[in-house]
Structure formats: C-alpha cells, structure tokens
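In: Starting from these lines, generate the structure:
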Amino acid sequence: MAAAGAEVAIAELAGLAEARAVADGLGRSVPQPARCSESLLAPLAATLWSERRGSERASLSVIVEDDEEARDFAEAAAWYAGPDLVGFLPDRSVAWGSGLVPAPHLVGERAR
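Out: Numbering: from 1, shown residues only. Predicted coordinates for the structure are as follows:
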C-alpha cells in the first residue's frame, strides 16, 4: 500500500494536462520520450502507471544510468505506488556470452 499522502500527490499530478499527454503517449507502439527533474521522477512514474492501470499495456519501465540510481528510484517509486508494484532489475555485472556467472545475490534479485 502506498504511503499516506501518496494518493493525493498522484491525483494532483494526474490532473495536469502535461501528465495526461505523456500517459496517452505511452499507449503508442513507440515509447514516449520524457524528461523531468529527479525529484519528480518517482511520483510522475507512479502517476503514469496509475493512469494505465487496467489497460492492455499497463506496465511501465524506467531506465536509469546505473544500479545505485535504479535502486534509489525503485525505493522512491515504491513509496508512491506501493512496494508490491515496483520492481528493480539490477545489472548482471558480467557480459552475456562471457562464460562468467553473475553473483548469486544478483541472480536472486533479478529473479525476484
């Protein structure tokens, strides 16, 4: 369950024409590029996902530069959307086809 006040923030963002335009663009076959400040990213992502909930293409992916930034974003987004709706997919830390095996904790995190 989202933290207290998160529903208010999401409802406020969902009422903005700009957020609605981005959410509508996400339904197209080509992803909609978007830029926003770091502090707005988590509530905006939660808002966009909530606008798509129940639709055929309800999933939402956010790609960030590195694992630390991804983990921070996932924690922040979970505050707004709820921890059961947010996933974090860490880097494998080894190249595909290299013959090396990723660290067990990364395999577990990716599977979760």
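In: Now the phi/psi pair for the residue of the chain most remote from its centre, please.
Out: Each residue of the chain has a distance to the centre, and by CA atoms, centre = their mean the biggest one is for residue 99: 30.6 Å. The phi/psi pair for residue 99 (degrees, to the nearest 10) reads phi 90, psi -10.
In: Mind giving me the packing neighbours of the helix or strand containing residue 75?
Out: Secondary structure assignment for residue 75, by DSSP states H and E: helix 67-81. Contact analysis of helix 67-81 by 3 or more CB pairs under 8 Å, 6 or more residues apart in numbering; DSSP states H and E lists helix 6-14, helix 38-52 as its packing neighbours. For glycine as for every other residue, the C-beta is placed from the backbone atoms N, C-alpha and C.
In: rewinding a little: what residues are up against the residue farthest from the centre of the chain?
Out: Residue 99 makes no contacts at all, as judged by CB atoms under 8 Å, 6 or more residues apart in numbering.
In: The residue positioned nearest the centre of the chain and residue 45, how far apart?
Out: Nearest residue to the geometric centre of the chain (CA atoms, centre = their mean): residue 62, 4.6 Å. Noted for residue 62: a distance of 6 Å to residue 45, by CB to CB, to the nearest Å.
In: By mean pLDDT, flag the weakest helix or strand of this protein.
Out: One helix or strand of the chain scores below all others by mean pLDDT, DSSP states H and E: helix 6-14, with a mean of 64.
In: Three-state assignment for residue 56, please.
Out: coil (DSSP: H, G, I helix; E, B strand; the rest coil).
In: oh, I was asking about residue 60
Out: coil.
In: For the chain, give me the ranges with low pLDDT.
Out: Applying pLDDT under 70 to the chain flags residues 1-15, 19-20, 22-34, 57-58.
In: Give me the neighbour count for residue 92.
Out: 15 (other CB atoms under 10 Å).
In: Show me which residues of the helix holding residue 75 are buried.
Out: 70, 72-74, 76-81 (16 or more other CB atoms under 10 Å).
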